[in-house]
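# got a predicted structure plus its sequence, pasted below:
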Amino acid sequence: MPKINGNEIRPGNVLEHDGGLWAAVKVDHVKPGKGGAFAQVELKNLRDGRKLNERFRSADKVERVRLEQKDMQFLYEDAGQLIFMDTDTYDQVQLEADILGERRPFLQDGMTILVEFYDAEALNATLPQKVTCKIVETEPVVKGQTAANSFKPAILDNGVRVMVPPFVGTDEEIIVNTETMEYAERA
């Protein structure tokens, strides 16, 4: 595994630190008036979800880990576990349901998800960037309400509340960006 300097850490990097696997969530490069510059890094443990704030000077060496990525199909949820299947080998993998956090409602049956592995251990899952959802409830269209940035609340078929443009109505399908959890376009 390659070693990188402390000032080369970027958000999303996976590091081996203190005997565990940590993902860099937020990185701030600080140059105080006195002393050397350093990177203030917020780390999240990939196995148990603990968070840690750590300082890395440019002279510090950290082990950067490359995770193997596989596309897997979501099958079902059972007792707080999400079950995924490799479509090539039909192997099944379990991950905690809370690994997706607030994006969990966007997971749909049969959806293809990117699962990251370290050796044979599944550590993380990433939803597709855009997901198609149906609007079940929103306010009716009001004529003349065409201001540049006017949005109205809408409730999707998965229970998530998003803001949509005024021309979008009930029973329409829209595409939602899962990273920002915002309306992207009509389906």
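Right, received. Where do you want to start?
# and stretch 103-118, how far out from the chain middle?
Averaging C-alpha positions (C-alpha atoms, centre = their mean, to the nearest Å) puts stretch 103-118 10 Å from its chain's average.
# and Met163, what are its bridge partners?
Note on Met163: beta-bridge partners by DSSP bridges are Pro153.
# got a list of what it touches?
Met163 makes contact with 151-154, 182-183, according to C-beta atoms under 8 Å, 6 or more residues apart in numbering. All C-beta atoms are positioned from the backbone trio N, CA, C, and that covers glycine.
# local confidence estimate at Ala122?
Ala122 carries a pLDDT value of 87.
# okay, now it: neighbour count?
Other residues within reach of Ala122, judged by other C-beta atoms under 10 Å, total 19.
# check Val62 too.
Neighbour tally, Val62, other C-beta under 10 Å: 22.
# equivalent analysis for Glu77, please.
13.
# against Leu67, how distant is the residue nearest to it when sequence neighbours are not counted?
Counting by C-beta to C-beta, 6 or more residues apart in numbering, Glu77 lies nearest to Ala97, which is 6.0 Å off, once chain neighbours are set aside. Ala97 sits 20 Å away from Leu67, going by C-beta to C-beta, to the nearest Å.
# so, low pLDDT: which residues of the chain?
1, 142-148 (pLDDT under 70).
# how does the chain divide into domains?
As given by automatic domain parsing, the domain ranges for the chain are 3-65, 68-126, 130-186.
# buried ones in stretch 86-104?
For stretch 86-104, burial by neighbour count (16 or more other C-beta atoms under 10 Å) applies to 93, 95, 99-100, 103.
# now, which of those sits nearest Ala122?
If you rank these by distance to Ala122 using C-beta to C-beta, Val93 comes first, at 4.6 Å.
# my read: the closest one touches Met72, true?
Yes: judged on C-beta atoms under 8 Å, Val93 makes contact with Met72 at a distance of 6.6 Å.
# shared neighbours, the two?
Both Val93 and Met72 are contacted by 84-86, 115, under the criterion C-beta under 8 Å, 6+ apart.
# quick one, phi psi at the residue nearest to Glu77?
Main-chain dihedrals, Ala97, degrees, to the nearest 10: phi -70, psi -30.
# Glu8 now?
Taking degrees, to the nearest 10 as the convention, Glu8 sits at phi -100, psi 0.
# what is the neighbour count of it?
15.
# check the one 5 residues further on too.
Asn13 sits with 18 neighbouring residues when counted by other C-beta under 10 Å.
# wait, what's in contact with it?
Contacts of Asn13 (C-beta under 8 Å, 6+ apart): 4, 23-24, 64.
# 6 Å instead?
Contacts of Asn13 were listed using C-beta atoms under 6 Å, 6 or more residues apart in numbering, and they are 24, 64.
# from here on, count from 6
I'll keep to 6 as the first residue from here, and by that count the last item is Asn18.
# am I right that Phe79 sits in a helix?
No: assessed with DSSP: H, G, I helix; E, B strand; the rest coil, Phe79 is strand; it does not lie in a helix.
# great, nothing more from me.
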